[in-house]
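Visitor: sequence and predicted structure, then a few things I'm wondering about:
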Amino acid sequence: MARLLSNAILKGISRASQSPRIVPASFNHVKLRFSTTIPNDPDSHADFQPNNKAVNESESCSGINIKELVDKDVKEHPVVIYMKGYPDLPQCGFSSLAVRVLKQYNVPLNARNILEYPDLRTGVKAYSNWPTFPQIFIKGEFIGGSDIIMNMHQTGELKEKLQDIEGKEESE
Ligand SMILES: N[C@@H](CCC(=O)N[C@@H](CS)C(=O)NCC(=O)O)C(=O)O
Ligand code: FES
């Protein structure tokens, strides 16, 4: 049986106020003022492991599942972050760190708050086969979490990866 987005999410897809919102971040170009090392990353308990069944099976009366949602997100937006909270109000230090890194670059940042939707939380893990959040996708490619994005920032790899992405609109 396919694991599908909850009715609340499905209903919300056509209604912006209820959907698992994808929001553009504002860009304050906040300077990084914290350590770049996250020691002894606990990562995940077995309870948090992805369940690939959740995302690979599909079909529903609505025809929308998490895989389709994520596929659409990462196809339509060059930089997508699935995170805890939203870019302007992160609800976890790891998500906050990833947002701060990405805000160093003049690219549109689109986010979904996985805390609002348990099915999205499970489904995104299964989609990427990655057990934790944040999860960052650039030009459709799964990149990783906060450690990886920080590392790429430090090595210059992130700048290279983002360089052909059109800058964000000032109004965002
Ligand atoms: N080392 C990870 C840190 C992220 C992490 O450990 N996240 C945990 C705590 S926020 C998580 O998402 N656990 C699974 C969950 O909450 O569903 C990274 O680089 O992103
Ligand atoms: S470490 Fe507790 S919510 Fe992220």
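Guide: That came in fine, so what should we check first? Ligands and ions are numbered 1, 2, ... in the order given.
Visitor: going by C-alpha atoms from here, please, whenever you check contacts or count neighbours.
Guide: Fine.
Visitor: how many residues are close by residue 75?
Guide: The burial count assigned to residue 75 is 16, neighbours taken as other Cα atoms under 10 Å.
Visitor: cool, residue 89 as well?
Guide: Summarising burial for residue 89: neighbours were counted as other Cα under 10 Å, giving 11.
Visitor: what stretches of the protein score poorly on pLDDT?
Guide: Residues of the chain meeting the criterion pLDDT under 70: 1-21, 24-64, 169-172.
Visitor: try 80
Guide: Counting by pLDDT under 80, the chain has low-confidence residues at 1-64, 168-172.
Visitor: in it, which residue sits closest to ligand 2?
Guide: Shortest the chain-to-ligand 2 distance, computed as Cα to the nearest ligand atom: residue-wise this is residue 92, at 4.3 Å.
Visitor: which one is that residue nearest to, not counting chain neighbours?
Guide: Excluding the flanking residues, the one nearest residue 92 by Cα to Cα, 6 or more residues apart in numbering is residue 84, at 5.9 Å.
Visitor: contacts only, for the one you found.
Guide: If you count contacts by Cα atoms under 8 Å, 6 or more residues apart in numbering, residue 84 has them with 90, 91, 92, 95, 113, 114, 115, 133, 134.
Visitor: select only the buried ones of the residues you listed in PyMOL?
Guide: For the buried members of these, the matching PyMOL selection, counting by 16 or more other Cα atoms under 10 Å, is:
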select buried, resi 90+95+113+114+115+133+134
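Visitor: the strand or helix carrying residue 137 and ligand 2, are they touching?
Guide: In this assignment (DSSP states H and E), residue 137 forms part of strand 135-138. No - Strand 135-138 is not in contact with ligand 2 by Cα under 6 Å from any ligand atom; minimum separation 12.2 Å.
Visitor: name the helices or strands packed onto that strand?
Guide: Counting contacts by 3 or more Cα pairs under 8 Å, 6 or more residues apart in numbering; DSSP states H and E, the secondary-structure elements packed against strand 135-138 are strand 79-83, strand 141-144.
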